[in-house]
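Asks: no sequence for this one, just the structure:
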C-alpha cells in the first residue's frame, strides 16, 4: 500500500544527540514529553523514540501533508532549544508496506 496523496504523506524527523544527552535531558524531559504528546494528540505525530545501544539519535514519524508542521515541532522542542540535540534532519518518507 503506497500512496503519494497529500493525505497519506509521512515525514521522518531524525535527532542526533550530544554526547552527554542522557544526563543533559533529565531536567527538561518532562517538557519534551509534553511537547511530543501534544503533537500526538493533534494527530500529526505517529510515533517516536530513541535508538538504543548506542543511544545517540532518535526518530519521530509524522503523518501530515505539511513539512512545516515537522519543522515547527523540532524548532519548538525543548531538546532542540536547550541543545540536547546537536542536529536534526527531516525527510519525506514513502510507506510501501
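Replies: Looks like it came in fine. This is a predicted model, so every value here is computed, not measured.
Asks: Using neighbour counts, pick out the buried residues of stretch 57-65.
Replies: Neighbour-count burial for stretch 57-65 flags 57, 58, 60, 61, 62, 63, 64 (criterion: 16 or more other CB atoms under 10 Å). C-betas here are computed from N, CA, C, even on glycine.
Asks: any idea of the pLDDT on residue 3?
Replies: pLDDT for residue 3: 49.
Asks: still on that earlier bit, can you redo the buried residues of stretch 57-65 as CSV with pLDDT, distance to residue 35 and secondary structure?
Replies: Converted to CSV, those look like this (pLDDT from 0 to 100; distance: CB to CB, whole Å; DSSP: H, G, I helix; E, B strand; the rest coil):
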residue, pLDDT, distance to residue 35, secondary structure
57, 97, 18, strand
58, 98, 13, strand
60, 98, 11, strand
61, 99, 16, strand
62, 98, 13, strand
63, 97, 17, strand
64, 96, 16, coil
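Asks: I'd like these as a markdown table, with distance to residue 79 appended.
Replies: Converted to a markdown table, the buried residues of stretch 57-65 look like this (distance: CB to CB, whole Å):
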| residue | distance to residue 79 |
| --- | --- |
| 57 | 12 |
| 58 | 9 |
| 60 | 11 |
| 61 | 17 |
| 62 | 16 |
| 63 | 21 |
| 64 | 20 |
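Asks: Between these, which sits nearest residue 89?
Replies: Using CB to CB, residue 57 is the member of these that lies nearest residue 89, at 10.2 Å.
Asks: After the helix or strand bottoming out on mean pLDDT in the chain, which helix or strand is next?
Replies: Counting by mean pLDDT, DSSP states H and E, the chain has its least confident helix or strand at helix 21-24, which shows a mean of 92. The C-terminal neighbour of helix 21-24 among helices and strands, as given by DSSP states H and E, is helix 29-41.
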